[in-house]
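Engineer: Just a sequence and a predicted model for now, questions to come.
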Amino acid sequence: MKKNKKTWIAVIPLFLIVVFVLAGFGVWKKYRDTLMENQEEQLLLTTRILSENMSVAAREYEDNLEFLADITEEREAEDAENIYKEYISTQNSMIANLYLEDQDGKITKYVRDVEMKSSELLTQCSEKNSVYMEKDSSGKIYNVYKRDLKTGGKICLMIDAEKYYQKLISGIRIGTNGYIVVKNADGTIIMHPDKKQWGIKVIEGRMEMYPDLDYASLKQMVEGQNSGKEGISDYYSYWWTDPEQPRVRKISAYSPVKMQDSFWSVSAVIDYDDLYEPIAEGFLKMIFVFVGILLSAGALVFILWRVMKDIRRAVREIDDLKELNEQLEKMHRSEENIAHQQRLQIMGTMTGGIAHEFNNFLTPIMGYAELLMMELPEGSEEQDSAKEIYDASEKAKDVVRQISSLSRKNVETVYKSIPMKKMMTRALKMIESICTPQVQLESDIQIETESILGNATQLNQVLLNICVNAVHAIGKEQGVILVVCRKETKAKMDTKAARKLSDAWESYIHILVKDNGCGMDKETLRHIFDPFFTTKKGGEGTGLGLALAEQIISSHKGYLYAESEKGKGSTFHIYLPILDMDHTPQIAQNVSGKEYHIVVADDNAKVLQLLKKNFEKIGIQIRTCMKKEELQQCLREQEMDVLVVDETLEDCSGVDFCMSLAGKYPDMMKFIITDGLSREAVEAKQKGIIDGYVEKPVSDTAILEAIRNRAKDSM
């Protein structure tokens, strides 16, 4: 009996060890697979974003080429040549040249002198469009977009492929040795970190360069990329940029770039160990924890065998295991949050860059429109057209400010006094344009001089979202949308609205939008303002329109709610507080009589040219600079009264430059040009580093207004 008891005592620990090992292996496999899948999806997301950006760029090049082809076929040669030169001078640095070829492929006319040494067809995008890889006499590589002309020959747009790769692709870091490569549908390498591999076949070209290597696994991966679909492949290959060509296990996430009837493939390649090793290290730490638990459990069994009393200790061990499990769950949730924040950071960076570029585009548009308004006869049709351009640019400026807010924290929208009758008149025209033929728009505007404090673009967006939903609710049936706008006091308004609105305002604008569409049941009505809730079919709606509308109205200190009944239509009520015009701040109208010496620094030549032209038109001489060194030289040569510098000057930060001038020019006003109100700009003003800031799109009027306000504060 005693012998059997000792045998069981020896078997039980072994049995527990086996159970823990098997359980640990299962946990490790699930843990590894989950994290690897998450990281592979992030890698695929990177290639998908990059391929979408390249698709947009390719479509833009093809559209521009189609436009230039029409010019070539319709205009006189001299006019066409002037348009070519103007087009090249206004494009970004990646568009290197524009030239014409005859039917034999010989260059007959070009904007910039060029001598091509080799040419290879990369992609036949369509019957008329194609893309070639060409090298000039210095060995520089270009992607040349070509379009057939009706008159024979081709018109060719040269893209500096090396600069394109350096600017948009090579800076993306992927693991230790990872990189991004671009291929065409036939497997020809278009872009690669190793320039020697540009233009070679992925398999055949490398077999010629390195004949003794094993390409079986690489061939299977390339077949997947050549299918034109996106995916993730695990395969064995070599680091081609390493002179020793070590054979490694890689992961490739690839996504197609649409090129009309064909495609390119963008592939992000990373060492498998770059993903696997951090996971293994993390799990190894977990193993140490489990080993400790196993040792504790073994000790516990031994103590139970010796003492048979210590039940409390066993309970504590179980509690410890529960706590460990909770910590592991928190760790997993933390990793998901970090990954989500990284994706949001990438989107924020992209959004900030897009807003910056659009501000640069809007500055000359608004500036020249303002010049035309000043020069053209008052009341003429041309002046009205210029005013329409300026008003549209103002709306675009508000939209860019909203986009810019996505890439920053603590950015507030600037609200202005809005005459409601004028805004509603414009909004009705916009709503009428989206109504289908069977939908009739009726309106009843009962206001005259009332104004609100808000953002017209956002409020137009609210009305448009509500009316688009009304059009969809009516569908293909005959229907009516009624828009009513009137003034109401809190004492006479609906009880539901009165209970929600603030007592700080006595009177409100009440906008009512009513339709006789399909209506909603109570359950749907209860969720219509929830983000991502939609009753439309997949792909037809995002579920963000009404959620955003409620947020906008709330930010305007108003209230939005809906009433609806299935089969009887819906009614949306919008309440906005009326602005007391007696308390509207008055803005100073005239600049001091002092003759100011102004210097403006910006890395956009068009912005500087426009500002210089506008200031000279009103009799003010300014100096302009594009680089930090030019600006420093200008300040040494002449005593300036006002410095205006871009927040993101090419070779320095505007705030940092103003900080470097601390104590040198005590009487000089310092302003920065910014895409939007940022924490850095506000703190710089609070600390006295700058005297203020001017939001893009910048104009001479905005700069003079900033100088006027600063001079007024000083007085």
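Structural biologist: That came through fine. Note that the coordinates shown come from a computational prediction; the quantities given were computed from them, not determined experimentally. Residues are numbered from 1 along each chain as shown.

Engineer: Return the distance of the helix or strand harbouring residue 288 from the chain's centre.
Structural biologist: For residue 288, the host element (DSSP states H and E) is helix 272-306. Here the centre of helix 272-306 is set off from its chain's centre by 44 Å, with C-alpha atoms, centre = their mean, to the nearest Å.

Engineer: domain ranges for this protein?
Structural biologist: Under automatic domain parsing, the residue ranges defining each domain of the chain are 1-309, 358-405, 416-583, 598-714.

Engineer: mind giving me JSON lines with these and columns for mean pLDDT and distance to residue 318?
Structural biologist: C-beta coordinates here come from the backbone N, C-alpha and C atoms, glycine included. Below are the domains of the chain laid out as JSON lines (pLDDT from 0 to 100; distance: least, C-beta to C-beta, whole Å):
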{"stretch": "domain 1-309", "mean pLDDT": "84", "distance to residue 318": "10"}
{"stretch": "domain 358-405", "mean pLDDT": "77", "distance to residue 318": "51"}
{"stretch": "domain 416-583", "mean pLDDT": "83", "distance to residue 318": "41"}
{"stretch": "domain 598-714", "mean pLDDT": "83", "distance to residue 318": "49"}
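
Engineer: Let me have those domains in a markdown table, adding distance to residue 329 as columns.
Structural biologist: Below are those laid out as a markdown table (distance: least, C-beta to C-beta, whole Å):
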| stretch | distance to residue 329 |
| --- | --- |
| domain 1-309 | 12 |
| domain 358-405 | 35 |
| domain 416-583 | 26 |
| domain 598-714 | 35 |
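
Engineer: out of these, nearest to residue 316?
Structural biologist: domain 1-309 (9.8 Å; C-beta to C-beta).

Engineer: helices or strands next to the helix or strand harbouring residue 564 in the packing?
Structural biologist: Following DSSP H and E, one finds residue 564 within strand 559-565. For strand 559-565, the elements it packs on are helix 495-500, helix 545-555, strand 569-577, judged by 3 or more C-beta pairs under 8 Å, 6 or more residues apart in numbering; DSSP states H and E.

Engineer: Any idea what residue 145 is bridged to?
Structural biologist: On the basis of DSSP bridges, residue 145 is bridged to residue 131, residue 157.

Engineer: Number of residues surrounding it?
Structural biologist: 24 (other C-beta atoms under 10 Å).

Engineer: tell me the angle of the host helix or strand of residue 268 relative to helix 272-306?
Structural biologist: Following DSSP H and E, one finds residue 268 within strand 262-271. Here strand 262-271 runs at an angle of 40 degrees relative to helix 272-306 (axes from the mean of the first three to the mean of the last three C-alpha atoms, to 10 degrees).

Engineer: re the thing from before, out of the helices and strands packed on strand 559-565, which comes closest to residue 701?
Structural biologist: Among those, helix 545-555 sits nearest to residue 701 (C-beta to C-beta), with 27.4 Å.

Engineer: Show me what the closest one is in contact with.
Structural biologist: Here helix 545-555 makes contact (C-beta atoms under 8 Å, 6 or more residues apart in numbering) with 413, 455, 458-459, 461-462, 465-466, 468-469, 528-533, 559-560, 574-576.

Engineer: And stretch 59-74, by the same measure?
Structural biologist: 79-80, 83-84, 87, 98, 100, 125, 129, 145-147, 149-151, 155, 157, 159, 258, 260.

Engineer: rerun at 6 Å
Structural biologist: 80, 83, 129, 145, 147, 149-150, 155, 157 (C-beta atoms under 6 Å, 6 or more residues apart in numbering).

Engineer: Check stretch 462-472 too.
Structural biologist: For stretch 462-472, contacts defined as C-beta under 6 Å, 6+ apart pick out 427, 431, 439, 481, 513, 515, 545, 549, 552, 572.

Engineer: Among those residues, which one sits closest to residue 286?
Structural biologist: residue 545 (45.5 Å).
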